[in-house]
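In: curious how this folds, go ahead:
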Amino acid sequence: MTKIKNIIFDLGGVLIDWNPDYVFKEVFKDDEKLAWFYREICTMDWNENQDAGYPLAKATEERIALFPQHEDLIRMYYGRWEEMLGDAIQGTVELLKQCVDSPALKVVALTNWSAETFPVALEKFDFLQWFEGIVVSGEEMTRKPFPDIYQTTLNRFDLKPEESLFIDDNKRNIEAAKALGIQCVHFSSPLQLEKELKKIKLL
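Out: Residues are numbered from 1 along each chain as shown. Here you go, the predicted structure:
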């Protein structure tokens, strides 16, 4: 393994708890109906399209045109988006601090996030200021797992893929990074990440 000089953190699911359940579990008392709503109405693919820069208002109106009987629920998705934003994943934030404090490491972030909602996170979470920089998919008009956003991250911060470690909770995003020669940790918990970082002597 080439010596790691750079760490690229994902944000949602790794450092920040974001979950639409925080809103829609209040609305749907039935888990099957909630699963149906995510599968058929406000789908993950639909949300990811906004992460790649599609305007939230336009996406909302187009969805309502397709499913007018569910207008109130669709408007709720971005209308109550801030309520979906949970707390920091504290164990990972503590690991981030150790990485940032290491003079041997450059630490940046790469996130799939709408450019329209990201300022809310910036205001809520002070640790987002610790990074040397953050690549936000909505600002780049693309998203993980497309190769161009990884290349943008490498180029912007002058990172060599083989000297970089990418941490993400999404296996699809991990596989895409690996294909570009980036070393990876598939995140499942702060404890698991701590073990992985210690194994490669970054902590």
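In: now do the helices in the protein.
Out: 21-27, 31-40, 44-51, 56-66, 71-79, 81-84, 90-101, 118-124, 137-140, 147-156, 171-179, 190-199 (DSSP state H).
In: could these be laid out in TSV, adding mean neighbour count and mean pLDDT?
Out: Placement of C-beta: from N, CA and C, glycine included. What follows is the helices of the chain, written out as TSV (neighbours: other CB atoms under 10 Å; pLDDT from 0 to 100):
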stretch	mean neighbour count	mean pLDDT
helix 21-27	15	95
helix 31-40	12	96
helix 44-51	16	97
helix 56-66	14	98
helix 71-79	17	98
helix 81-84	15	96
helix 90-101	17	98
helix 118-124	14	97
helix 137-140	19	98
helix 147-156	17	98
helix 171-179	16	98
helix 190-199	15	97
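In: now those in CSV, with distance to residue 163?
Out: Below are the helices of the chain laid out as CSV (distance: least, CB to CB, whole Å):
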stretch, distance to residue 163
helix 21-27, 38
helix 31-40, 38
helix 44-51, 27
helix 56-66, 37
helix 71-79, 38
helix 81-84, 35
helix 90-101, 14
helix 118-124, 27
helix 137-140, 22
helix 147-156, 10
helix 171-179, 13
helix 190-199, 15
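In: state the distance from the residue in the chain sticking out farthest from the centre to residue 133.
Out: Most distant from the centre of the chain: residue 69, at 30.7 Å, with distances by CA atoms, centre = their mean. Noted for residue 69: a distance of 44 Å to residue 133, by CB to CB, to the nearest Å.
In: and residue 170, what does it touch?
Out: Residues near residue 170 by CB atoms under 8 Å, 6 or more residues apart in numbering: 10, 13, 144-145.
In: from those residues, which is closest to residue 22?
Out: Within those, distances to residue 22 taken as CB to CB reach their minimum at residue 13, with 13.9 Å.
In: quick one on the thing from earlier: so which of the helices of the chain gets nearest residue 110?
Out: Each of the helices of the chain has some distance to residue 110 by CB to CB; the shortest is helix 147-156, at 4.9 Å.
In: tell me what that closest one is packed against?
Out: strand 106-111, strand 134-136, helix 137-140, helix 171-179 (3 or more CB pairs under 8 Å, 6 or more residues apart in numbering; DSSP states H and E).
In: give the buried residues for the shortest one.
Out: Of the residues in strand 134-136, those buried by neighbour count under the rule 16 or more other CB atoms under 10 Å are 134-136.
In: thinking again about what came up before, got the helices and strands packed on helix 147-156 as a markdown table, with distance to residue 30 columns?
Out: Listed next are the helices and strands packed on helix 147-156 as a markdown table, based on distance: least, CB to CB, whole Å:
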| stretch | distance to residue 30 |
| --- | --- |
| strand 106-111 | 32 |
| strand 134-136 | 35 |
| helix 137-140 | 32 |
| helix 171-179 | 29 |
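In: go through these and name the closest to residue 2.
Out: Closest of the helices and strands packed on helix 147-156 to residue 2 is helix 171-179, at 13.7 Å (criterion: CB to CB).
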